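In: no sequence for this one, just the structure:
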Ligand SMILES: Cc1cc2nc3c(=O)[nH]c(=O)nc-3n(C[C@H](O)[C@H](O)[C@H](O)COP(=O)(O)OP(=O)(O)OC[C@H]3O[C@@H](n4cnc5c(N)ncnc54)[C@H](O)[C@@H]3O)c2cc1C
Ligand SMILES: NC(=O)c1ccc[n+]([C@@H]2O[C@H](COP(=O)([O-])OP(=O)(O)OC[C@H]3O[C@@H](n4cnc5c(N)ncnc54)[C@H](O)[C@@H]3O)[C@@H](O)[C@H]2O)c1
């Protein structure tokens, strides 16, 4: 006989989004059952940001060894063991795992069911021999790599963003199919760890990123030896040794020999297997691989919310966390959810990093026509950047006519840290004038914010009152 539980909340999926939601719900006093079919922590822990940062940290050391001569330290070729790099990545993941363990969640009072979950009616989920009749449900089932429509791809073995972190061997020529953050971050790491790497993008690389920032980063990746071929149409041929690829760009046709392929393109929400129709949860009419979502991340069944990458791209982990807290507060207190993506930063952890928040220049142009201005500062004028030989960076601010910050984009060393300052400024509706009065410590990259604020203040016309006051001061002895 099946066990029946009747919690306040049932969460399907125990990745970043599901676990944060479970913890937040317990904090708000709700009883919670969480169903996870695989490992708690999901890809976000086992193959997401932390694993990727650990791989990149190893690669950065090898890169620094080869490029230290300008600092007076002789360049040296790194001896790399991919097995040991793999072990380093896995040990980082293992150290983080207790924060996302069954033991910790159980101690917080969350009931964990290890099973695949599916709806059996609008108020019930079945997970193995357990029946969960909850007052509310959250779908946090994450996303999976979409298989690109490439002839011959299904006949050859390939890695995905989920499986590449299991690799323990040197890959002589890794061909990556993708155009986004994951594709380029992993490409640079593997190049620095001794592989030849080619990125093949069906359209432009980094299509949603400000082109000025993207061009700078892509140029640096190309200079490091990562081949990036854009607007490529691709077919794959299985061979007894390695994998053949035919790459067409315009009238040109090239043949590539790959040792391995990584598919790291778009990701699609995990909807299949949930029996959504039994819960009267509709898919989007225009994009059937996505949920139909009302504001506040509610599905067509008002008792069911969707958070994290199941709710669609872009889906960085910090957005998943933000959504989780917002939806839990809506369930616990009935507070309206306001998920404002304009203050959510997006970071490509390439070297140089690209970080953006709010409106890009192109978006401002489309939305606001001429009622904005662009402020730019090069890293070359910043003492910290000069000291660290990181002068090839750029900060771009999009500012409304009255000074309000609308967007910020950075390419360069530490962009991912510096963007936090602008994200806070945008979320608190601060202005460029506010940046001018911010005292940044010296020598730091944050001084760029103060400098840009002062530049805006200098460019802005003085008010009549300011002019009068200045004239009066001039009359004083
Ligand atoms: C290579 C890579 C690098 C990334 N790097 C970053 C980064 O640097 N910074 C950043 O912010 N984000 C990064 N991300 C994105 C980040 O991993 C996601 O935002 C995060 O994983 C989303 O969490 P989630 O809980 O929505 O989904 P997931 O982490 O995918 O979790 C979903 C969980 O649901 C479970 N599940 C699915 N269906 C069912 C079912 N029917 N029943 C029970 N359980 C089910 C799955 O097993 C899984 O554990 C990266 C992603 C990738 C792929
Ligand atoms: N560094 C990271 O945060 C990181 C790294 C890898 C993957 N991811 C996440 O995993 C998923 C797969 O990523 P991927 O790189 O393999 O494929 P992808 O091409 O889908 O990733 C890029 C995603 O970020 C969005 N994006 C990029 N710049 C943006 C901006 N300035 N404003 C708004 N949206 C922007 C794109 O629309 C796209 O959905 C994505 O949803 C991504 O958010 C994040």
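Out: Nice, I can see it. Note that the coordinates shown come from a computational prediction; the quantities given were computed from them, not determined experimentally. Ligands and ions are numbered 1, 2, ... in the order given.
In: Could you check the pLDDT of residue 337?
Out: With respect to pLDDT, residue 337 has a value of 82.
In: do you know how far it is from residue 268?
Out: Residue 337 sits 24 Å away from residue 268, going by Cβ to Cβ, to the nearest Å. Yep, even glycine has a C-beta here, placed from its N, CA and C like the rest.
In: so what's the nearest residue to residue 318 once chain neighbours are set aside up against?
Out: Nearest non-adjacent residue to residue 318, counting by Cβ to Cβ, 6 or more residues apart in numbering: residue 344, 7.0 Å away. With contacts defined as Cβ atoms under 8 Å, 6 or more residues apart in numbering, the neighbours of residue 344 are 316, 318, 319, 322, 357, 423.
In: can you count the residues close to the fourth one?
Out: What it means is residue 322. Neighbourhood size, residue 322 [other Cβ atoms under 10 Å]: 19.
In: In terms of helices and strands, where is it?
Out: helix 317-333 (DSSP states H and E).
In: need the next SSE after that helix, C-terminal direction.
Out: Assigned by DSSP H and E, the successor of helix 317-333 is strand 346-348.
In: Walk me through which strands that next one pairs with, and which way each runs.
Out: Using DSSP bridges, strand 346-348 pairs in its sheet with strand 353-358 (antiparallel).
In: in whichever helix or strand comes after the strand it pairs with, what counts as buried?
Out: Scanning forward in sequence from strand 353-358 by DSSP H and E, the next helix or strand is helix 361-368. For helix 361-368, burial by neighbour count (16 or more other Cβ atoms under 10 Å) applies to 361, 363, 364.
In: Let me see the mean pLDDT of helix 361-368.
Out: 89.
In: from the middle of its chain, how far away would that helix be?
Out: 22 Å (Cα atoms, centre = their mean, to the nearest Å).
In: Sheet partners, orientation included, of whatever helix or strand comes next after it?
Out: Sequence-wise, the next helix or strand downstream of helix 361-368 (DSSP H and E) is strand 372-378. Strand 372-378 pairs in its sheet with strand 394-400 (antiparallel), by DSSP bridges.
In: Just checking: what are the partner strands of the next helix or strand after the partner strand?
Out: Following strand 394-400 in sequence order, the next helix or strand is strand 405-412 (DSSP H and E). Using DSSP bridges, strand 405-412 pairs in its sheet with strand 353-358 (antiparallel), strand 394-400 (antiparallel).
In: what angle separates the first one from helix 361-368?
Out: If you take axes from the mean of the first three to the mean of the last three Cα atoms, to 10 degrees, strand 353-358 sits at 10 degrees to helix 361-368.
In: tell me the average confidence for strand 353-358?
Out: 98.
In: how about it, does it reach ligand 2?
Out: Yes - counting by Cβ under 6 Å from any ligand atom, contacts between strand 353-358 and ligand 2 involve residue 356.
In: what's the residue nearest to residue 318 sitting at in phi/psi?
Out: Here is the backbone geometry of residue 344 (degrees, to the nearest 10): phi -90, psi 120.
In: State the distance from it to residue 458.
Out: Counting by Cβ to Cβ, the gap from residue 344 to residue 458 is 31 Å.
In: Could you list the residues of this protein in contact with ligand 2?
Out: 161, 178-183, 185, 208-209, 264, 266-267, 309, 313-316, 346-349, 356.
In: what's the closest non-adjacent residue to the residue nearest in space to the middle of the chain?
Out: Geometric centre of the chain, nearest residue: residue 316, 3.6 Å, by Cα atoms, centre = their mean. Computed as Cβ to Cβ, 6+ apart, the closest residue to residue 316 that is not its neighbour in sequence is residue 346, at 6.4 Å.
In: residue contacts, the closest residue to ligand 2 within the stretch 101-250 of the chain?
Out: Evaluated by Cβ to the nearest ligand atom, the stretch 101-250 of the chain has residue 180 as its residue closest to ligand 2, separated by 2.1 Å. When contacts are counted by Cβ under 8 Å, 6+ apart, residue 180 touches 206, 264, 265, 266.
In: can you tell me how far the closest residue to residue 432 other than its chain neighbours sits from residue 364?
Out: Using Cβ to Cβ, 6+ apart and skipping the chain neighbours, the partner closest in space to residue 432 is residue 456 (3.6 Å). Per Cβ to Cβ, residue 456 is found 15 Å from residue 364.
In: ok, which residues in the stretch 301-450 of the chain are in contact with ligand 1?
Out: Within the stretch 301-450 of the chain, the positions near ligand 1 by Cβ under 6 Å from any ligand atom are 308, 309, 310, 315, 316, 317, 318, 320, 349.
In: Could you grab the helix/strand/coil label for the nearest residue in space to residue 258 that is not next to it in sequence?
Out: Spatially, and ignoring its direct neighbours in sequence, residue 258 is nearest to residue 175 (4.0 Å; Cβ to Cβ, 6+ apart). Under DSSP: H, G, I helix; E, B strand; the rest coil, the three-state class of residue 175 is strand.
In: And the pLDDT at residue 175?
Out: Note for residue 175: predicted pLDDT of 98.
In: Pull the contacting residues for it.
Out: So, once contact is read as Cβ under 8 Å, 6+ apart, residue 175 ends up touching 197, 198, 200, 243, 245, 256, 258, 260, 261, 262.
In: Inside strands: which ones of the residues you listed?
Out: Among the contacts of residue 175, the members falling in strands (DSSP state E) are 197, 198, 200, 243, 245, 256, 258, 260, 261, 262.
In: so what's the fifth one closest to, chain neighbours aside?
Out: To tie it back to what came earlier, the one meant is residue 245. residue 256 is the one closest to residue 245 (Cβ to Cβ, 6+ apart), at 4.3 Å.
In: where along the stretch 1-150 of the chain do the strands fall?
Out: Using DSSP state E, counting those that start in this stretch, the strands assigned to the stretch 1-150 of the chain run over residues 3-5, 9-12, 32-36, 110-114, 117-121, 124-127, 130-133, 136-139, 143-145.
In: out of the contacts of residue 180, which is most surrounded?
Out: Going by other Cβ under 10 Å, residue 264 tops those with 26 neighbours.
In: Now it: closest residue in space, sequence neighbours ignored.
Out: That would be residue 178: by Cβ to Cβ, 6+ apart, it lies 3.9 Å from residue 264.
In: Please verify my assumption that the one you found contacts residue 234.
Out: No - between residue 178 and residue 234 there is no contact under Cβ atoms under 8 Å: 11.5 Å.
In: my read: residue 397 touches residue 407, true?
Out: Yes - Residue 397 lies in contact with residue 407 (Cβ under 8 Å); the separation is 7.1 Å.
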